[in-house]
Structures are given as C-alpha cells and as structure tokens.
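Enquirer: Okay, sequence plus prediction incoming.
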Amino acid sequence: MRARALNQLRRTFSALSVPNFRRYFIGQSISLVGTWMQSVAQSWLVYSLTGSATDLGLVVAVQTLPVLVLGPYAGVIADRTDKRRLMVYLQALMGVQALVLGVLALANAITFWELCVLALALGLNNTFENPARQAFVLEMVGAGNVRNAVSLNSTMVNAARAVGPAVAGILIAVAGAGACFLLNAASFVAVVYSLTSMDLGALEPSPPATRAKGQMREGLRYVRHEPRIGVPLLMMALVGTIAYEFQVSLPVLAGSTFHGGPETYGFLTAAMGAGAVLGGLFTATRGRTGLRPLTIGAAVFGAAILLAAVSPVLAAEYVALGLVGWGSVSFLATGNSTLQLVAEPSMRGRVMALWAVAFLGSTPVGGPLIGWVIAVAGARMGLGAGAAACGVAAAIGLGAARRIAGRRGGVPAVGGEVALTVRG
C-alpha cells in the first residue's frame, strides 16, 4: 500500500524531477501569487472608480485586445527566437508595468483611462510572452513529461489564485489596491531569476523556424487541415469568449448579488482557485489527452458554472465555484497538452499562440458582451451564458470526435483518448 502511494505521488509530480522545471516552477509560483493579487486589485479598482460592469468588461477587453490582433504573429516570433531569453525581457517589463500602476494607485492619481492604457501595455507583453512560455514547457521537460508539467502549471496558477485573491481582498481593505500592485512588481524578480539561472545544457530547444514570408498563413493552414488541433481551438474560442469572463462577473456577484466588499470578491476567486488546485493534481495524475476527454471536460465545466449561477447563498456559491475551478483546470490542461503533443515542433509556437488567441484574445468580444448581459440581467445570467457556451462546445467536440473515429475505423489518433505514460 505504501509503495503504491509513493508511486502515485511520483506520478503526480514527475515533471518536478527535472531540475530546470523545478526551478521555473518555484519562480512562477511566487510571481503568480502577485499576478492574481494584481488581477483582483485591478478589477476592484475599476469597479470602485466607475461602478459599471460594462467598464469592467472594457478594461479586460483592452488588456486582451493585443492577443486577438497580434497573437498569431506572436506565435511566429516564438518559433523564430530563443523562448527563454524572450521571456526574461517580457517578464521584466511586466514588473515595470505593475510598479507604475502601484505608484499611481497609492498616490490616488489613477484615472479610468490611465488604467486602460496600463492594461493595454500589460496585454502587449502577455501577447508575446504567452506562446513562448507555453512552448517552452516542452523544451524543459521533454515529451514524456509534458502533460504532467502542463497540469502542474495549471495547478500552480490556481494555487496562486487560491492565495493571491484572498490576500488581495484583505490588503485592499487595509492598505488599498496600490499595495497589491507593488507586491506584484516585486514578485517578478523570482521568475526572472529562475529563467536566468537555468542549466542551458539540459534544455531541449526546438529548432528555430527560418525567417520566411507567409509563416503566419502557413500556421493557419496547418491548423485548418488538422482537426485534432482545429476543433479544440474552436471549442476554446467559444468557451473563452463567453465562459471565461470571471473578472467581469465575480466583482458584480460579490458586490451586487451577495452585497459584499473586496474581501468577498477575493474569497470567491480564492474558492475557485482552491477547487482548481485539486482538479489540477487529479489531472496531473490521471488526466487524458485528446478530443473526447476535452469534450467531457467542457460538459463538466459547463455544469459547474450552471450550479454557480443558481446557488442561492454565499456558502453554496463558494462550493460551486470550487467545482468551477476543478472543471476549468481540467478543460484547460487537457486542451493545452493535447495541442502540444499533436503539433509539429516547428509549428508549436504558432499553435500555442492560436490557443492564447482563443483563450485570451476572445475577451475583447466576450468581456464587453458579458458586461452588457450582467448590466441588463445580473451576474447570475452572465454565468448562465457561460454554462450554455460550454454545452455548445461539448456538442461540437462530440460530433468531431465521432467523425474522426469513423474515418479511422474507431481507432483513436496518435496522442488521442489514451492516458499518456509518465516517465520520471
């Protein structure tokens, strides 16, 4: 029994046996607590300044607009360049953005439009950093550990979401939003150090793509003709546009539906993060890749959001959002690792850039749309729209999986609906 438990534990954390990934994981863990603190502080600051769900959606849209416009080109850059070096520069610039935001907020000199400009600057950094970071995971751990590493990354993000927002809610009430921004600025030191101190000889970098005309179109053609990539991207675009607008819905849910303050918003977000930690660890150990598991993940995610939309009291809402977090990380990790394993190495940066476009770049449309829905019908209806989007995505995935299985005589594609062997 004990040997079995130890073996299960090794499987769950197998990617951490890679020294470079372990170093990166620690640095990111510190930085992401600050990132979630800034996310909560920014949303609450906008809501405090304007009292408008539409303005909340607008700021989120401005921050993610660069991903929509420049995301495919950012993937080309990631395929052409040294991903680690690019991440160092961009992480440092994100620290500067947080510092400026913190100084302005503490001086009570911040306006709504200055928030929009700084959100746009952060969005530009995220646009180019995101595909490089996601593709860099495989270079650190290799193909055998990539699903485990992606799941642990998702767990790390959501563990930070369990801690950061709760701390932010209390800190905003005591010291103001500016303190959260300054702590986030300091946290970037950890991730920059982790990247600059890696053992470069242990990395397995993908061969850089040679600069040539038409590389963006080449990536789009590749996705269009490979349904194991195109369909998950379509599902993510739909879910990302409508369901992943919690930065818009949760502040209003906390303030208007449950009549709470920033600490309520922080704990709602933290509840979602706590559930996602458990979901991420489960996915790291037992998760599968492929279109059918992704379809199941979309259906479960939608059911959890629907439960959150109808929960009558705050205690029930905390439980429901914990389930939302579980469903969210399962859907994201399954889709991310499926794409990384199916994509050709020379195309991986472009494919992951399109994943970022589908996940984040859809927000300039979805953020204001859900903000409008909430303004008209309330936060519960905004969550309900997200649940419906997940249901439609699951239907699309189910139909595509059946067509692919039919063409292959019922045999799953390579990298399909089978559990991956984890080597560690």
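Expert: Okay, I see it. Just so you know, these numbers come straight off a predicted model, no measurement behind them.

Enquirer: Helix or strand: which one has Val67?
Expert: Val67 is part of helix 53-80, with elements assigned from DSSP states H and E.

Enquirer: Can you list the buried residues in stretch 186-198?
Expert: By neighbour count with 16 or more other Cβ atoms under 10 Å, stretch 186-198 contains the buried residues Ser187, Phe188, Ala190, Val191, Val192, Ser194, Leu195, Met198. Backbone N, C-alpha and C define where each C-beta goes, glycine included.

Enquirer: Stretch 168-179 now?
Expert: Ala168, Gly169, Leu171, Ile172, Gly176, Ala177, Gly178, Ala179.

Enquirer: And the furthest pair within those residues?
Expert: Gly169 and Gly178 (14.8 Å; Cβ to Cβ).

Enquirer: which regions of this protein lie under the pLDDT threshold?
Expert: Along the chain, segments meeting pLDDT under 70 span 1-11, 158, 161-162, 208-214, 216, 284-287, 360-363, 406-424.

Enquirer: Please go through it and pick out the longest helix.
Expert: In the chain, taking DSSP state H as the definition, the longest helix is helix 19-50.

Enquirer: Which strands or helices does it pack on?
Expert: For helix 19-50, the helices and strands in contact under the criterion 3 or more Cβ pairs under 8 Å, 6 or more residues apart in numbering; DSSP states H and E are helix 53-80, helix 83-106, helix 112-141, helix 146-175, helix 177-196, helix 246-252, helix 262-286.

Enquirer: could the buried residues of stretch 186-198 be laid out in JSON lines, adding distance to Phe25?
Expert: As requested, these are exported to JSON lines (distance: Cβ to Cβ, whole Å):
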{"residue": "Ser187", "distance to Phe25": "15"}
{"residue": "Phe188", "distance to Phe25": "16"}
{"residue": "Ala190", "distance to Phe25": "11"}
{"residue": "Val191", "distance to Phe25": "10"}
{"residue": "Val192", "distance to Phe25": "15"}
{"residue": "Ser194", "distance to Phe25": "8"}
{"residue": "Leu195", "distance to Phe25": "12"}
{"residue": "Met198", "distance to Phe25": "12"}
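
Enquirer: Let me know the closest of those to Leu86.
Expert: Using Cβ to Cβ, these come closest to Leu86 at Leu195, 9.9 Å.

Enquirer: pretty sure the closest one is touching Leu90, no?
Expert: No. Counting by Cβ atoms under 8 Å, Leu195 does not reach Leu90; the two are 10.4 Å apart.

Enquirer: Neighbours of Ala303, how many?
Expert: 16 (other Cβ atoms under 10 Å).

Enquirer: do the one 5 residues further on as well
Expert: Other residues within reach of Ala308 by the criterion other Cβ under 10 Å amount to 29.

Enquirer: pretty sure it belongs to a helix, no?
Expert: Yes. Assessed with DSSP: H, G, I helix; E, B strand; the rest coil, Ala308 lies in a helix.

Enquirer: OK, contacts around Leu220?
Expert: By Cβ atoms under 8 Å, 6 or more residues apart in numbering, the contact set of Leu220 is Pro72, Leu354.

Enquirer: Kindly report the same for the one 3 residues further on.
Expert: Neighbouring residues of Val223 by Cβ under 8 Å, 6+ apart: Ile229, Gly230, Leu233, Val351, Leu354.

Enquirer: which residues in the stretch 201-350 of the chain form helices?
Expert: 215-224, 227-242, 246-252, 262-286, 291-310, 314-342, 348-356 (DSSP state H, counting those that start in this stretch).

Enquirer: Flag every buried residue along the first one.
Expert: When neighbours are counted by 16+ other Cβ under 10 Å, the buried residues of helix 215-224 are found to be Gln215, Gly219, Tyr222, Val223.

Enquirer: Name the nearest residue to the second one, ignoring sequence neighbours.
Expert: For Gly219, ignoring the flanking residues on the chain, the nearest one in space by Cβ to Cβ, 6 or more residues apart in numbering is Arg350 at 3.4 Å.

Enquirer: thought the one you found was touching Ala74?
Expert: No. If you go by Cβ under 8 Å, Arg350 and Ala74 don't touch, sitting 9.1 Å apart.

Enquirer: What's the separation between the nearest residue to Thr295 once chain neighbours are set aside and Asn336?
Expert: Nearest residue to Thr295, sequence neighbours excluded (Cβ to Cβ, 6+ apart): Gly397, at 3.3 Å. Plainly put, Gly397 is 15 Å away from Asn336 if you go by Cβ to Cβ, to the nearest Å.

Enquirer: swap in Asp55?
Expert: Going from Asp55 to Asn336 by Cβ to Cβ gives 31 Å.

Enquirer: out of these two, which sits in the busier spot?
Expert: In terms of neighbours (other Cβ under 10 Å), Asn336 is the more surrounded of Asp55 and Asn336; the figures are 24 against 20.

Enquirer: Can you give me the neighbour number for the spatially closest residue to the more buried one that is not a sequence neighbour?
Expert: Excluding the flanking residues, the one nearest Asn336 by Cβ to Cβ, 6+ apart is Val150, at 5.0 Å. Counted by other Cβ under 10 Å, the residues lying close to Val150 total 30.

Enquirer: likewise Leu101?
Expert: Residues near Leu101, counting by other Cβ under 10 Å, number 28.

Enquirer: Nearest spatial neighbour of Pro205, chain-adjacent residues omitted?
Expert: Glu139 (5.2 Å).

Enquirer: how about Tyr193, what does it touch?
Expert: Residues in contact with Tyr193 (Cβ under 8 Å, 6+ apart) are Gly27.

Enquirer: distance of it from Ile30?
Expert: Going from Tyr193 to Ile30 by Cβ to Cβ gives 10 Å.

Enquirer: of all the helices of the stretch 201-350 of the chain, which lies closest to Ser39?
Expert: Ser39 lies closest to helix 246-252 among the helices of the stretch 201-350 of the chain, at 6.6 Å (Cβ to Cβ).

Enquirer: re the thing from before, which strands or helices does the helix holding Val67 pack on?
Expert: So helix 53-80, by 3+ Cβ pairs under 8 Å, 6+ apart, packs with helix 19-50, helix 112-141, helix 215-224, helix 246-252, helix 348-356, helix 363-377.
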